[in-house]
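Novice: Provide a 3D model corresponding to the input given below.
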Amino acid sequence: MALPSIQFGGISSGLDTKAIITALMEAEKAPLTRLQNRGTAIKARQTAYQALGTSLNTLLAKVQAFTLMNAGSARSAQSSDPTRYTAIANTGAVPGQYRVKVDALATATRATSTAALGTSITDATATGMLSSLPLPGAVTAGTLGLVVDGKVLSISVGDPATTSLKSVLDTIAAAVQAQVGMTDASTVVSASISGNKVSLSISGASSDHDLRVGVSGDTSNFAAITGLAGLHAADFGVGATSATGSSLLGVARTTAILDAAGLTGLASTATGKLTINGVDIAYDTTTDTLSAMLSRINSSQAGVIASVDRTNDKVVLTSKATGARAISIVDTSGTLGAALGLAPGTIGAQLIGQGSQVTVDGRTVTSDSNTVANAIDGVTLTLVDQSTSTSTLTVGVDTSAVAKALTELVDSYNALADTIEQVTTHAQGAPAAPLEGDANIASLTISLRSMMMGTSSAFTSGTILSLGDVGVNSGAIGAKPGTTTRLKLDADKLSTALTSDPARVAALLGSAGGIMQPLITQVKRYTSIGGVVDSAVRGMDQDIRDNARAQVSMQERVDMRQAVLEAKFASLEATLSRLQSTSASLTSTVNSMTGNSNSR
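Specialist: Below you'll find the model as predicted:
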């Protein structure tokens, strides 16, 4: 932007030419000032209309949500025994009480290996080293604690690569026998493997002895791996002549590659394919582990959950869906399914799921799942547990949902009223509000209030004809009509209306034939594209652009006028300066001539 020129007015004339120009320009700038004020007023009106549009859209959203949710028809459902079933009700539910009994829960189909997967360990194979046997996990060297008749004994577990299972079991048996023998000299204790489990046996005892396996300071996991951890026989001797571990010894190795997992009948292949419920699960026996295969099944779309039953050394497939549906298991290529005891031909080994059954008021209803939606119209039951007797389900009007929706509607209307007041009224002595006297706003205020407080045209009789009849009012009882433009909700009156005639309340507040749809239509006249608010805002956009162009044009005229005045006064000063110079020169000449004459 160019810097203004430096002016020294009135040097020759003695006049304050700058002040004179400023005074003259004030009059010239009056039209520009009016344009600027008008531009500010237009923007204020536009901002006011935009605020009005926001409040109207909020009101519209609440009214539309009210009708979409059918809040006026909201229902509640309360079970007298939620440990057996819970319930939710929609707007189609008929208020009343129902007698409900859960006869059976829906269950999922389970397919289980027909036999243990791993190679059983026997007394004969127990001579193998701990690290080479097909145990459930890798045994660590360290100490194992035993408590015999209150005496803690420490058993050493050596390097698994050089220590056999039999040697550790024999050490345990010898230690127990030595301790028991201190009070029962003829007792013989032995350790063996029976049915793929560790068994400690006692004979010749004359009394019972207390035997526990495992103490808090153990450094070897031998007891956990062999199923002895936590073993307690309080009557070991006369009462119980043996104590057996809880889990199998020889099992399938889930973390070894399939070829080395100990699965009987598995054909080595790099391109195996197990198909479950029509979904192909690819595998490579030379690189995939059993654990990886089960994870792959679980992340597929086969619709089953695969797991390992470590106690029985079996794979279990459980259907994700309940109901009487068999799990289809096919060895499309390779023999993994057969090696796992799952396919082919294992339908007989599957425990087929069943559907649920519930009795409502003497009528029996079945479902494939534990979610029953066809027993009571508009009510969905979620079955939790089987019951032996009936309980009561109470379906009623959800007064809290209706009250919440109506409160939000009233709040949004009041927020709109606040906005209208802010943009149409002003305090005494303050400037006029931007939309003061606007006919559109006056019409909106009258029409909305009339709809909110008027009766529904759909009803011609009855005691519930308007929002006022369900508790919406414009102030306390006895207040002077017209003294407030805000609404309130009387919760007690709403509750009374819902109790006396819930169907009429639902109809009044519903989306068809009630009071809400005309309200939606009216508000949309203002908020829709091309509506009152949109048209006003768009029109003012054009007014703002036109005003801005007019201001630019007027500013140019003012600037030109100021330049002309400055040039004229500068010319005047120059002329006066020349005249003053000529006058001075003439005076000097005259004075010179007068002096010469006197000297003669």
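
Novice: what about the nearest residue to Lys197 once chain neighbours are set aside, neighbour count?
Specialist: Nearest residue to Lys197, sequence neighbours excluded (CB to CB, 6 or more residues apart in numbering): Gly245, at 4.8 Å. Every C-beta, even on glycine, is put in place using the N, C-alpha and C of the backbone. Using other CB atoms under 10 Å as the criterion, Gly245 is surrounded by 22 other residues.

Novice: can you tell me how far Gly245 is from Leu133?
Specialist: 14 Å (CB to CB, to the nearest Å).

Novice: circling back to that earlier point, can you tell me how far the residue nearest to Lys197 is from Ser154?
Specialist: The spacing between Gly245 and Ser154, counted by CB to CB, is 20 Å.

Novice: cool, and Leu263?
Specialist: Distance, Leu263 to Ser154, using CB to CB: 37 Å.

Novice: who has more neighbours out of the two?
Specialist: With other CB under 10 Å as the criterion, Leu263 and Ser154 differ in neighbour count, and Leu263 comes out ahead with 23 against 13.

Novice: for that one, give me its contacts.
Specialist: Contacts of Leu263 were listed using CB atoms under 8 Å, 6 or more residues apart in numbering, and they are Leu117, Gly118, Ala252, Leu290, Leu336, Ala339, Leu340.

Novice: phi, psi for it please.
Specialist: Summarising the backbone geometry of Leu263 under the convention degrees, to the nearest 10, its torsions are phi -90, psi 120.

Novice: from start to finish, how long is stretch 96-116 in a straight line?
Specialist: The straight-line separation of the ends of stretch 96-116 (CA to CA, to the nearest Å) is 55 Å.

Novice: tell me how far that stretch lies from the chain's centre.
Specialist: 30 Å (CA atoms, centre = their mean, to the nearest Å).

Novice: same question, stretch 569-581
Specialist: Taking the mean of its C-alpha atoms, stretch 569-581 sits 84 Å from the chain's own mean (CA atoms, centre = their mean).

Novice: select the longest helix from the chain.
Specialist: With DSSP state H applied, the helix covering the greatest number of residues in the chain is identified as helix 532-599.

Novice: now it, how far from the centre of its chain.
Specialist: Using CA atoms, centre = their mean, we find the averaged C-alpha position of helix 532-599 to lie 72 Å away from the chain's own average C-alpha position.

Novice: so, low pLDDT: which residues of the protein?
Specialist: Screening the chain residue by residue with the criterion pLDDT under 70, one finds the ranges 1-15, 66-72, 343-348, 476-484, 511-513, 595-600.

Novice: with adjacent residues omitted, what lies nearest to Lys29?
Specialist: Spatially, and ignoring its direct neighbours in sequence, Lys29 is nearest to Val558 (5.6 Å; CB to CB, 6+ apart).

Novice: does the one you found really touch Leu24, like I thought?
Specialist: No - applying CB atoms under 8 Å, one finds Val558 not in contact with Leu24, separated by 11.1 Å.

Novice: which residues sit in contact with Thr47?
Specialist: Counted by CB under 8 Å, 6+ apart, Thr47 has contacts Pro434.

Novice: after the helix or strand containing it comes which helix or strand?
Specialist: Assigned by DSSP states H and E, Thr47 belongs to helix 17-68. Per DSSP H and E, the first helix or strand lying C-terminal to helix 17-68 is strand 75-79.

Novice: what pairs with that following strand, parallel or antiparallel?
Specialist: Counting by DSSP bridges, the strands paired with strand 75-79 are strand 391-397 (antiparallel).

Novice: need the residues that contact the partner strand.
Specialist: The set of residues external to strand 391-397 that reach it, using CB under 8 Å, 6+ apart, is 74-81, 84-85, 87, 89, 93-101, 376, 378-379, 381, 498-499, 502, 505.

Novice: mark which of those residues are buried, thanks.
Specialist: Burial by neighbour count, 16 or more other CB atoms under 10 Å: within the contacts of strand 391-397 this picks out 74-77, 79, 81, 84-85, 87, 89, 93, 98, 100-101, 376, 378-379, 381, 498, 502, 505.

Novice: picking that back up, and the longest helix of the chain, what does it pack against?
Specialist: Packing contacts for helix 532-599, counted by 3 or more CB pairs under 8 Å, 6 or more residues apart in numbering; DSSP states H and E, involve helix 17-68, helix 439-453, helix 516-527.

Novice: now the shortest one - C-alpha only, PDB.
Specialist: Extracted in PDB, the C-alpha atoms of helix 516-527 (Å, rounded to 0.1, in the frame of the first residue of the first chain):
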ATOM      1  CA  MET A 516     -45.100 -34.600  15.700                       C
ATOM      2  CA  GLN A 517     -45.400 -34.900  11.900                       C
ATOM      3  CA  PRO A 518     -47.000 -31.500  11.300                       C
ATOM      4  CA  LEU A 519     -44.300 -30.000  13.500                       C
ATOM      5  CA  ILE A 520     -41.600 -31.700  11.400                       C
ATOM      6  CA  THR A 521     -43.200 -30.300   8.200                       C
ATOM      7  CA  GLN A 522     -43.400 -26.800   9.600                       C
ATOM      8  CA  VAL A 523     -39.800 -26.800  10.800                       C
ATOM      9  CA  LYS A 524     -38.600 -28.100   7.500                       C
ATOM     10  CA  ARG A 525     -40.200 -25.200   5.700                       C
ATOM     11  CA  TYR A 526     -37.500 -23.100   7.400                       C
ATOM     12  CA  THR A 527     -34.500 -25.500   7.500                       C
END
